[in-house]
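Undergrad: sequence isn't available, so here's the structure alone:
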DNA sequence: TAGAATTACATTGTATTCAATTTAATTTAG
DNA sequence: CTAAATTAAATTGAATACAATGTAATTCTA
């Protein structure tokens, strides 16, 4: 197999990731629509349920997103009364994000939505664990590369 | 582990996919920038190098993208003289996409770019094959689910 | 065969993503 | 202590994605 023959769509890990990620989002969409959540709002909530009262910077670090994406997202989530945004009195540069009661109590419904999405596609939870861990390692490997000077 | 405890970011296959796909795109970006290609243009070219002279519909089916994404993308690729768009005389509903000479000859440079991206992140080509195939199977499984009525 | 249904593409509107720049606050150095 | 450097968010502009709708061409069907 020469260099040219290997340059096919099905040979590209990046394309498998790109297409699979988008299809996964489409799988979630109808269940998230019922909760009036976008996919990005969903992952932001996942992060906040794990650690509440974080700065935009910290949230971005967890989600691999920057303020250009997060600022408008978080403003919409505040309008939807999922979170509250407030400048940190101790360091006015920081904006702290806190879940509202509504944002907190949505967790159980989102958990149900996630299970429905997976069962709809017949994705066995166990079978995905290794795949998930492998992707997480690859993610960190790439991220380390792209954030080196 | 109850239902709530499993609802963490690191437990979500969807998040691993979402974050990993975006980081992979960032890894490619500097190399594609040199060729004045966006990531989506890159995957469109990969598809066209495999099969040239296809309709927008066929290309969308291959890339899992619809005309809402492809029409503006292909117009820009036409402006950049990578492709030509033309209505099919036999069925005026179809728009056929053909590579230009410039679009065709870019293949070798893109091949080099792809290798540079992978070597920069120390991703061994062999090690990724299984991961890629696994993702492709998952992609098809989800796609089949979401395209059922 | 004429109207209905379907198909392919284009358009519109909403929501990201991200690089690059700007602004304001804080920290560091001289 | 004060100017320079750094940091955190916000803003801006370009390029996607995708659902929903519109339009024109083709096919189906009564």
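TA: Looks like it came in fine. Keep in mind it's a predicted model, so treat the numbers as computed, not measured.

Undergrad: do I have it right that residue A:19 meets residue B:63?
TA: Yes - if you go by C-beta atoms under 8 Å, residue A:19 and residue B:63 touch, sitting 7.2 Å apart. For the C-beta atoms, the positions are set from N, CA and C on the backbone; glycine is no exception.

Undergrad: could you give me the buried positions within stretch A:36-45?
TA: By neighbour count on 16 or more other C-beta atoms under 10 Å in any protein chain shown, the buried set for stretch A:36-45 is A:37-45.

Undergrad: let me know the average pLDDT across it.
TA: Stretch A:36-45 shows a mean pLDDT of 98 in the predicted model.

Undergrad: got it, and stretch A:85-103?
TA: 97.

Undergrad: who's more crowded, residue A:19 and residue B:63?
TA: Neighbour count, other C-beta atoms under 10 Å in any protein chain shown: between residue A:19 and residue B:63, residue A:19 has more, with 25 against 21.

Undergrad: and that one, how close does it get to residue B:24?
TA: 12 Å (C-beta to C-beta, to the nearest Å).

Undergrad: before we move on, the earlier item: return the member of the buried residues of stretch A:36-45 nearest to residue A:72.
TA: Nearest to residue A:72 among the buried residues of stretch A:36-45, counting by C-beta to C-beta, is residue A:40 at 10.1 Å.

Undergrad: against residue A:10, how distant is that closest one?
TA: For residue A:40 relative to residue A:10 (C-beta to C-beta), the value is 29 Å.

Undergrad: residue A:137 too?
TA: Counting by C-beta to C-beta - residue A:137 and residue A:10 are separated by 23 Å.

Undergrad: now do residue A:133
TA: Counting by C-beta to C-beta, the separation of residue A:133 from residue A:10 is 24 Å.

Undergrad: cool, and residue A:48?
TA: From residue A:48 to residue A:10 the distance is 38 Å (C-beta to C-beta).

Undergrad: the two - which one has more neighbours?
TA: Using other C-beta under 10 Å, the more surrounded residue of residue A:48 and residue A:10 is residue A:48, with 23 against 12.

Undergrad: tell me the contacts of the more buried one?
TA: By C-beta atoms under 8 Å, 6 or more residues apart in numbering or on different chains, residue A:48 lies in contact with A:54, A:59, A:83, A:97, A:99, A:103.

Undergrad: so the second one touches residue A:95, yeah?
TA: No - here residue A:59 does not reach residue A:95: they are 9.8 Å apart, not a contact under C-beta under 8 Å.
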